[in-house]
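**Student:** my questions are about this predicted structure, shown below with the sequence.
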Amino acid sequence: MTVGWFDAFRENGAPTWYGENRSPVFVDFQIVLILLIFAVPIVAYLLICCGIRRNKWITTYSFLFFALNGAVLLVAICSSSWHAGNVRISTAYKAHTNARLNATLGVKIGLKHLNITLSTKHSDHYSFMDLVYEDKDNGLNYNERFDFADVTSMEAELKNALEKGLPYPILKVIEYLSVDRAGFTWGRKYRLAGYYTDVILWLAFSVWNLQLFLLILVPHYFAKTGFLVGIITLLANLIYFINTPSNLHIRFEAPSGHLTVLTFCPSWAFWLTFAAGWACLINYGILWILQAKTTFRFKTIFTTTVDKINGLPRPISMPQGCPSLETPIESNLSSLNRSVSAYRNSLTPSTISCSLEFENERS
């Protein structure tokens, strides 16, 4: 009787087995996790910001801009869309066959890995509804990820792809990036560009973490640190743009029978980082100038008393028409001279009168 409760989906007493349900990857869960991590404190702040009375708007703007900048840095590090290319091709699917298929080949290159998509659809983007209403005859959907962080990574990935029997277009792209001799150094250039960019972006993220503590403890350094984050972010973009190959062109046969070329250009991760860097320079540069040239003091609800004790003194604004203030040293010297002069003037008459009285008594 008890055994009958667990007999579902079993065959001849074997363990429960379910059929395969393969589906294409339609979202990068690593990026989704990063966005969720940053969404939690943002939502928590928005829930309590209605009760803030002092420094409400400057706190909201500074916190949201600061959090979004950190999210952009981490998403850019983990993204596979720094360089991308997309082309419509007509190719053979496997060996020993004359059958050809029209498909869309997409290549997305990140800092440490690349994604190659081969789909018979007109677009290589998938939605959640494609998984809910899955069509068994919707054609070919390939999405393969390959790592190139090490020197020999692409050669190992090519060997594994040959053993798995991946389609010809995917193998062709891997072959182009795995060769590292006789001037064919595209894979090496992408690896070096990704390595240096990854290191610099992690440096920017480290400075961003330091900026968080300065926002709480010493907020008058918050703008300077944010300006430094923008400079480092733009430096990462510049290094990636310089080191990526510009002459990588992979030729395929188009559905029309002519040749088509797969070319690569900067993708959304590159432009998102570029925009974040300039936004940091403009935003924190304006804040830095306001603090240096005016009486503005950057204060938020996160500010503690450390800045009041160890921070910069508040600038004093004098009304128009008043004489300019002297430096502290000149002011002290002038006050000392006035005190000495007053002391001498007070002593001179009494000394003269005492001497006259003494002479009269002697006479």
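**Tutor:** Arrived safely. Numbers count the residues shown, from 1 in each chain.

**Student:** where in the stretch 51-200 of the chain is pLDDT low?
**Tutor:** By pLDDT under 70, the weakly predicted segments of the stretch 51-200 of the chain are 95, 122-139.

**Student:** what ranges do the helices span in it?
**Tutor:** Taking DSSP state H, counting those that start in this stretch as the criterion, the stretch 51-200 of the chain carries its helices at 56-78, 128-132, 153-164, 168-178, 186-216.

**Student:** which strands and helices lie in contact with the longest one?
**Tutor:** On a contact count with 3 or more CB pairs under 8 Å, 6 or more residues apart in numbering; DSSP states H and E, helix 186-216 meets helix 56-78, helix 168-178, helix 222-243. (Glycine included, C-beta is placed from N, CA and C.)

**Student:** as a markdown table, those helices with mean neighbour count and distance to Gly277 would be great.
**Tutor:** Below are these laid out as a markdown table (neighbours: other CB atoms under 10 Å; distance: least, CB to CB, whole Å):
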| stretch | mean neighbour count | distance to Gly277 |
| --- | --- | --- |
| helix 56-78 | 18 | 9 |
| helix 168-178 | 20 | 28 |
| helix 222-243 | 20 | 4 |
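
**Student:** CSV for those helices, including distance to Leu215?
**Tutor:** Below are the helices and strands packed on helix 186-216 laid out as CSV (distance: least, CB to CB, whole Å):
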stretch, distance to Leu215
helix 56-78, 7
helix 168-178, 42
helix 222-243, 5
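
**Student:** redo the helices of the stretch 51-200 of the chain as TSV? Include distance to Cys49.
**Tutor:** Converted to TSV, the helices of the stretch 51-200 of the chain look like this (distance: least, CB to CB, whole Å):
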stretch	distance to Cys49
helix 56-78	6
helix 128-132	32
helix 153-164	46
helix 168-178	48
helix 186-216	16
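
**Student:** for Thr294, see how far away Phe213 is.
**Tutor:** To Thr294, Phe213 is 25 Å away according to CB to CB, to the nearest Å.

**Student:** again, but for Lys159
**Tutor:** According to CB to CB, Lys159 stands 64 Å off from Thr294.

**Student:** for Glu157, same thing?
**Tutor:** Taken as CB to CB, the span from Glu157 to Thr294 is 57 Å.

**Student:** with neighbour numbers in mind, choose between the two.
**Tutor:** Ranked by neighbour count (other CB atoms under 10 Å), Glu157 and Thr294 place Glu157 first, with 20 against 10.

**Student:** wait, that one touches Asp150, no?
**Tutor:** No - the pair Glu157 and Asp150 fails to qualify as a contact (CB atoms under 8 Å) at a distance of 10.4 Å.

**Student:** contact partners for Val207?
**Tutor:** Contact partners of Val207, counting by CB atoms under 8 Å, 6 or more residues apart in numbering, are 225, 228-229, 232.

**Student:** can I get those in TSV including pLDDT and distance to Gln30?
**Tutor:** Formatted as TSV, those follow (pLDDT from 0 to 100; distance: CB to CB, whole Å):
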residue	pLDDT	distance to Gln30
Thr225	93	27
Leu228	96	27
Val229	95	22
Ile232	96	23
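
**Student:** which of the residues you listed lies closest to Leu177?
**Tutor:** Ile232 (28.2 Å; CB to CB).

**Student:** quick check: the closest one touching Ala204?
**Tutor:** Yes - applying CB under 8 Å as the test, Ile232 and Ala204 come out as touching, 4.1 Å apart.

**Student:** for the residue nearest the centre of the chain, which non-adjacent residue is spatially closest?
**Tutor:** Centroid-nearest residue in the chain: Leu73, 1.3 Å away (criterion: CA atoms, centre = their mean). Once flanking residues are discounted, Leu73 sits nearest to Phe205: 4.8 Å by CB to CB, 6 or more residues apart in numbering.

**Student:** and the one you found, how many neighbours?
**Tutor:** Using other CB under 10 Å: Phe205 sits among 18 other residues.

**Student:** got the contact list for it?
**Tutor:** Contact partners of Phe205, counting by CB under 8 Å, 6+ apart, are 70, 73-74, 77.

**Student:** now, which of those residues sits nearest Thr91?
**Tutor:** Using CB to CB, the contacts of Phe205 come closest to Thr91 at Ile77, 33.6 Å.

**Student:** what about the closest one, distance to Gly51?
**Tutor:** 35 Å.
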